[in-house]
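S.K.: sequence and predicted structure, then a few things I'm wondering about:
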Amino acid sequence: MRLHRNLVFSVIDGLNLIFNEGAYADKVVEKLLKRDARWGSRDRKFVAETTYEIVRWKRLYAEIADSNENYSRENIWRMFAVWATLRGIELPDWNQLAGTPTRRIKGRFDELSKIRKIKESIPDWLDELGVQELGEAVWTKEIHALNEQADVILRTNTLKTTKEKLQTVLAKFDIETEFIEGYPDALRLKERANIFKNDAFKSGLFEVQDASSQLVAELLDVQPGMKVVDACAGAGGKSLHLAALMENKGQLISLDIYEGKLRELKRRARRNGAHNIETRVITSTKVIKKLYDKADRVLIDAPCSGLGVLRRNPDAKWKIQPDFLEKIKNTQQDILQRYSRMVKSGGKLVYATCSILPSENQQQVETFLASNDDFTLIEDKKVLASESGFDGFYMALLERK
Ligand SMILES: C[S@@+](CC[C@H](N)C(=O)[O-])C[C@H]1O[C@@H](n2cnc3c(N)ncnc32)[C@H](O)[C@@H]1O
């Protein structure tokens, strides 16, 4: 591989924003990709993947480069040099890369790879927490899996097409996909591609949604004609799936505290041809109380640490702080206690997170059940990335007597 100056400079600029300005990696990459209309798909892939890789391996590369948690431009260049050296890429004779100690980099890599928190590039506190919550053996495997690059998974929009037809349509655009056993609407891209530009996407034939996430709406066991509440709907990944499972029949009320996210949900619903979704912003407790004892099904896709989706958001490793985790756990319990009242007698509730920590998952459900004897646990799924090959997730199905 030959390194191109303008592409590498873009990566360095992007990393500077992420490491020093608190910018989100996905937003930065999105912006970088608009920089030069002449870039072809290989150039864009280089910029996106290199930026993500260096974010993912930030601590390891910084330690190898002796940059001491100082992310000056000069040190970001040194981290880039580590990335390139470890990939066996020949370094060009640019000033910024002069004097790169290639042999030392390889030696340091071997030495530092023996220490899990450095090898997996995570803060000390997170490594300690992982061991405490999951045990040494499971955590070691899990954090390793969460550092792998995620496959691109699509969810067929069954309101408009079938998985088989979608596969044929995509093949016409040279996008090869495969079915995934156990995930009825999922297609896996055999090779990464920018599918958002594709006409099949623009006409709502599919959404990009990880396979684990696709299990959540399915677990809720919705039927056409039901009254369903998606209580933490965000931009609607799961609402869209629920609408499809309800075959557009019945009522789906999508709630969130952020109006902007619900606006995006509506836009996506139009593209998907999902007509039974009504959005409501939670501006006060009244919005929830009005729905007490009314819903056949309630989904609580709770705000969480997001530790199960680190493959997709590697910068979250550095953005999450221990005090945030404590706060979010309180919010989860509060939401579960209050929003569960929307379920009517005989109705069902799913509590889900994209976290792998028992304290955000089964322990929250246990605490809830201890003070709500009108609910029983039917089943729960603890999805680990190391076992499933997909995002880490938790989902529990409860029933109200
Ligand atoms: C895990 S995300 C939801 C993702 C979404 N369900 C999807 O599938 O795309 C959690 C959502 O909870 C929302 N949220 C946070 N606090 C909330 C609260 N007190 N009540 C309702 N929603 C809340 C956040 O704005 C966020 O959109």
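M.R.: Looks like it arrived, so ask away.
S.K.: what packs against the helix ranked longest in the chain?
M.R.: Of all the elements of type helix in the chain, the one with the most residues (DSSP state H) is helix 322-339. In this structure, helix 322-339 packs against helix 124-134, helix 285-289, strand 295-301, helix 362-370, with contacts taken as 3 or more CB pairs under 8 Å, 6 or more residues apart in numbering; DSSP states H and E. The way it works is simple: take the backbone N, C-alpha and C, and place the C-beta from them, glycine included.
S.K.: got the ones you listed as TSV, with distance to Lys160, mean neighbour count and mean pLDDT columns?
M.R.: What follows is those, written out as TSV (distance: least, CB to CB, whole Å; neighbours: other CB atoms under 10 Å; pLDDT from 0 to 100):
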stretch	distance to Lys160	mean neighbour count	mean pLDDT
helix 124-134	40	17	98
helix 285-289	31	12	97
strand 295-301	22	25	98
helix 362-370	35	16	98
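S.K.: looking at the ones you listed, spot the one closest to Ile180.
M.R.: With respect to Ile180, and counting by CB to CB, the nearest of the helices and strands packed on helix 322-339 is strand 295-301 at 21.2 Å.
S.K.: mind listing the strands that closest one pairs with, and their directions?
M.R.: Sheet pairing for strand 295-301, assigned by DSSP bridges, gives strand 227-230 (parallel), strand 343-353 (parallel).
S.K.: which residues touch the residue most central in space within the chain?
M.R.: For the chain, the residue nearest the mean C-alpha position is Val309 (4.0 Å; CA atoms, centre = their mean). Applying CB atoms under 8 Å, 6 or more residues apart in numbering, one finds that Val309 lies in contact with Asp210, Ala316, Cys354, Asp391, Gly392.
S.K.: out of those residues, the closest to the ligand would be?
M.R.: Closest approach to the ligand among those (CB to the nearest ligand atom): Cys354, at 6.2 Å.
S.K.: so how many other residues sit close to the closest residue to that closest one other than its chain neighbours?
M.R.: When the adjacent residues along the chain are set aside, Cys354 lies closest to Gly308, with 4.4 Å between them (CB to CB, 6 or more residues apart in numbering). Number of residues near Gly308 (other CB atoms under 10 Å) recorded here: 28.
S.K.: kindly report the same for Gly40.
M.R.: By the criterion of other CB under 10 Å, Gly40 has 8 neighbours.
S.K.: stretch 194-212: which residues count as buried?
M.R.: Buried residues in stretch 194-212, counting neighbours by 16 or more other CB atoms under 10 Å, are found at Ile195, Asn198, Ala200, Phe201, Gly204, Leu205, Phe206, Glu207, Gln209, Asp210, Ala211, Ser212.
S.K.: got a list of contacts for the helix-or-strand element of the chain with minimal mean pLDDT?
M.R.: For the chain, the helix or strand with the lowest mean confidence is helix 316-319, at a mean of 91 (criterion: mean pLDDT, DSSP states H and E). Identification of contacts with helix 316-319 by CB under 8 Å, 6+ apart yields Gly22, Lys58, Ser121, Ile122, Pro123, Leu126, Ser305, Gly306, Leu307, Val309, Leu310.
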